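Visitor: Give me a 3D structure for the following:
(one chain, ligands or ions: 1)
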Amino acid sequence: MHQSINKPLVQVKNLNKSFGDVEALIDVSLAISAGEIVALLGANGAGKTSLINHLLGRLRPSSGEVWINGNKPGSMAARQSIGAILQATQMPGTLTVQEHLTLFRSYYTSPIPLNQALATAGLTDLVDRRFDTLSGGQKQRLFFAMAICGRPDIVLLDEPTVGLDAESRRDFWTCIRTLRSQGTTVLLTTHYLEEADALADRILLLAEGSLMHEGTPESIKQQLGGKRIRFRTTANTAHIGELLPGHTVTEYGDYIDVIAPDEVATLKVLLSAPLDVRDLSVEPVSLESALMHLSQKFAGNQKPAAAPVQESEQQSEQETTKEAAR
Ligand SMILES: Nc1ncnc2c1ncn2[C@@H]1O[C@H](COP(=O)(O)OP(=O)(O)OP(=O)(O)O)[C@@H](O)[C@H]1O
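Guide: Down below sits the predicted model:
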């Protein structure tokens with residue numbers, strides 16, 4: 001299933017979603033083109049999973065529109081375009097990697113070749129291993145292989161590397177890059193800024209349900225156009241903030257970070273103030289600092305928690321992978 005050229009693969013227009021009093025998504029509009037890797041970032045509760053669930057057709061908008069390849073989410077045509085990774089899944093532990101993939105491939109009329117699924121997911125050497133002997137990272141790569149069995153146009157990955165160690169995470173990144181080189185679009189949510197920086201062509205930043213910012217990792221960093229000044233001091237952040245109006249001042253462990261549009265001017269103020277400034281360093285702005293700065297600009301009041309709402313259209317978590325697999 002491949003989409004027509006020039007049309008966005010995913011289009012979201014003025015999407016709003018409320019759960020009781022909680023506005024999980026507020027007027028979100030976005031488009032994702034074929035071949036992009038897009039990272040959806042945001043703090044806990046920002047609305048990332050809600051957005052993914054709308055793309056999967058698991059949630060219905062309170063208002064607004066969502067299109068997958070020009071089709072309504074949840075329709076057979078949309079399901080055939082999407083692959084997604086299983087979240088909380090019980091898999092038969094005695095089946096091997098090959099048996100699981102053979103079973104999964106049998107759900108589709110035109111699955112990708114077994115060897116391609118294995119190679120893309122870095123599982124070629126593990127083909128005869130039983131599921132219950134795989135490490136966490138290897139299991140996650142098997143779920144990934146299942147998600148791509150049906151030649152999806154877009155793969156949705158909701159925090160795919162959470163809980164994995166650094167090496168397994170990097171192995172997973174290789175899988176995503178291989179998939180992209182084959183022309184597949186990827187939308188992933190992550191809390192790891194390093195992951196977004198390493199993988200994404202574009203970052204969408206959600207805050208409190210609103211799409212607060214979007215751009216390439218570089219453009220987000222450049223937007224600040226300044227430097228990160230990090231130092232230790234006995235003074236608190238509030239005091240530093242008073243000294244440096246218009247700067248983003250945050251705590252980083254024992255250190256204080258200041259985002260400085262003009263680092264020379266900022267250093268002059270800092271070093272001429274009656275402060276004990278120690279262990280000072282000046283670095284280019286990291287993606288983490290840039291996003292923290294943008295989030296602070298956006299910061300609003302906390303919203304009240306709502307009781308869970310059962311969505312009639314919400315499907316079992318077990319059904320996530322390749323929604324068309326039935
Ligand atoms: N079924 C539901 N009933 C009530 N509130 C909900 C429901 N699903 C989500 N919410 C609320 O909507 C908001 C957005 O939640 P969502 O899970 O989309 O955020 P998230 O960015 O994925 O968070 P996390 O990073 O913690 O997974 C939160 O305030 C959450 O409590």
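
Visitor: Residue 230: how many residues sit nearby?
Guide: Counted with other C-beta atoms under 10 Å, the neighbours of residue 230 add up to 17. (C-beta placed from N, C-alpha, C; glycine too.)

Visitor: thought it was touching residue 278?
Guide: No - at 10.9 Å, residue 230 does not count as touching residue 278 under the criterion of C-beta atoms under 8 Å.

Visitor: what ranges do the strands span in the stretch 101-250 of the chain?
Guide: In the stretch 101-250 of the chain, the strands defined using DSSP state E, counting those that start in this stretch lie at 154-158, 185-189, 202-207, 210-215, 227-232, 248-252.

Visitor: And the fourth one, what's buried?
Guide: Meaning strand 210-215. Going by neighbour count (16 or more other C-beta atoms under 10 Å), the buried part of strand 210-215 is 210-213, 215.

Visitor: Closest to residue 13 out of the residues you listed?
Guide: residue 211 (11.8 Å; C-beta to C-beta).

Visitor: Confirm for me that residue 210 is in contact with residue 26.
Guide: Yes - judged on C-beta under 8 Å, residue 210 makes contact with residue 26 at a distance of 4.8 Å.

Visitor: In TSV: the strands of the stretch 101-250 of the chain, plus distance to the ligand and mean pLDDT.
Guide: Formatted as TSV, the strands of the stretch 101-250 of the chain follow (distance: least, C-beta to the nearest ligand atom, whole Å; pLDDT from 0 to 100):
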stretch	distance to the ligand	mean pLDDT
strand 154-158	8	92
strand 185-189	7	93
strand 202-207	6	91
strand 210-215	11	90
strand 227-232	25	92
strand 248-252	20	86
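
Visitor: want to throw these into a markdown table with distance to residue 128?
Guide: Below are those laid out as a markdown table (distance: least, C-beta to C-beta, whole Å):
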| stretch | distance to residue 128 |
| --- | --- |
| strand 154-158 | 26 |
| strand 185-189 | 28 |
| strand 202-207 | 39 |
| strand 210-215 | 44 |
| strand 227-232 | 49 |
| strand 248-252 | 47 |
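
Visitor: Of all these, which one comes closest to residue 43?
Guide: Of all the strands of the stretch 101-250 of the chain, strand 202-207 comes closest under C-beta to C-beta, at 7.0 Å.

Visitor: Could you list the paired strands of the closest one along with their orientation?
Guide: strand 37-41 (parallel), strand 210-215 (antiparallel) (DSSP bridges).

Visitor: Dig out what the most centrally placed residue in the chain forms beta bridges with.
Guide: The geometric centre of the chain, computed from its C-alpha atoms, lies nearest to residue 189 (C-alpha atoms, centre = their mean), at 1.7 Å. Note on residue 189: beta-bridge partners by DSSP bridges are residue 40, residue 158.

Visitor: residues in contact with it?
Guide: 39-42, 48-49, 52, 157-159 (C-beta atoms under 8 Å, 6 or more residues apart in numbering).

Visitor: ok, and the most crowded of those?
Guide: Busiest of the contacts of residue 189 [other C-beta under 10 Å] is residue 40, holding 29 neighbours.

Visitor: I figured it hits residue 204, correct?
Guide: Yes - if you go by C-beta under 8 Å, residue 40 and residue 204 touch, sitting 5.0 Å apart.

Visitor: Distance from the chain centre to stretch 209-216, please.
Guide: Relative to the chain's own centre, stretch 209-216 is displaced by 12 Å; criterion: C-alpha atoms, centre = their mean, to the nearest Å.

Visitor: can you put the strands paired with strand 202-207 in CSV and add distance to residue 113?
Guide: Shown next, in CSV, are the strands paired with strand 202-207 (distance: least, C-beta to C-beta, whole Å):
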stretch, distance to residue 113
strand 37-41, 23
strand 210-215, 36
